[in-house]
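Novice: next comes the sequence, and after it the predicted model I'd like to discuss.
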Amino acid sequence: MSAFDVLERYGTAALLRFLGAVAMFVALHLLRLPFVLVCRLLEVGMRRVDVYLTTAATTRAYTWPTSDPDTDQPGHDKTRFQRPATAGAHR
C-alpha cells in the first residue's frame, strides 16, 4: 500500500499520524545516540582500569628465589622471602 493509497482510503489525518510516529521514532533514536556513546566510552575506560588493577594485583613485584648454592646452606633462613601470613588467610 503506497502513501497515496493510504491518503485516499484513510485521509490526510491518518497519513500525518503515521508520519508523525515515524518522525518521533527517528528523533528518539537520534537523541539516544550521545548517551550510547558515553556508555561505550565508560565501558572502555572501566575495562582498562579493570585490566590495570587485575594485573597489578596478580603480578608479583619480586621473584621467588631459585636454587642458589651460596644460600642453600644448613641454617640459612629461607623464610625471609616468604610473604607474611595474614589473619584469616587460608593456603
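Specialist: That came through, no problem.
Novice: which helix in this protein has the most residues?
Specialist: helix 12-58 (DSSP state H).
Novice: which elements pack onto that helix?
Specialist: helix 3-10 (3 or more CB pairs under 8 Å, 6 or more residues apart in numbering; DSSP states H and E). (Each C-beta comes from the backbone N, C-alpha and C, glycine too.)
Novice: the helix it packs on vs helix 12-58, what angle?
Specialist: With axes from the mean of the first three to the mean of the last three CA atoms, to 10 degrees defining the directions, helix 3-10 sits at 120 degrees from helix 12-58.
Novice: any idea of the mean pLDDT in helix 3-10?
Specialist: Average pLDDT, helix 3-10: 85.
Novice: swap in stretch 55-62?
Specialist: 72.
Novice: same question, stretch 20-39
Specialist: Stretch 20-39 comes out at a mean pLDDT of 96.
Novice: list the buried residues of it.
Specialist: Across stretch 20-39, burial judged by 16 or more other CB atoms under 10 Å covers no residue at all.
Novice: keeping just the C-alphas, turn that stretch into PDB.
Specialist: Taking C-alpha atoms only, stretch 20-39 is exported to PDB below (Å, rounded to 0.1, in the frame of the first residue of the first chain):
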ATOM      1  CA  GLY A  20       4.500  11.800  13.000                       C
ATOM      2  CA  ALA A  21       5.100   8.400  14.600                       C
ATOM      3  CA  VAL A  22       7.900   7.700  12.200                       C
ATOM      4  CA  ALA A  23       9.400  11.100  12.800                       C
ATOM      5  CA  MET A  24       9.100  10.600  16.600                       C
ATOM      6  CA  PHE A  25      10.800   7.200  16.300                       C
ATOM      7  CA  VAL A  26      13.700   8.600  14.400                       C
ATOM      8  CA  ALA A  27      14.000  11.600  16.700                       C
ATOM      9  CA  LEU A  28      14.100   9.400  19.800                       C
ATOM     10  CA  HIS A  29      16.900   7.200  18.400                       C
ATOM     11  CA  LEU A  30      18.900  10.300  17.400                       C
ATOM     12  CA  LEU A  31      18.500  11.700  20.900                       C
ATOM     13  CA  ARG A  32      19.800   8.500  22.500                       C
ATOM     14  CA  LEU A  33      23.000   8.300  20.400                       C
ATOM     15  CA  PRO A  34      25.100  10.700  22.700                       C
ATOM     16  CA  PHE A  35      24.100   8.600  25.700                       C
ATOM     17  CA  VAL A  36      25.100   5.400  23.900                       C
ATOM     18  CA  LEU A  37      28.500   6.900  23.000                       C
ATOM     19  CA  VAL A  38      29.000   8.000  26.600                       C
ATOM     20  CA  CYS A  39      28.200   4.500  27.800                       C
END
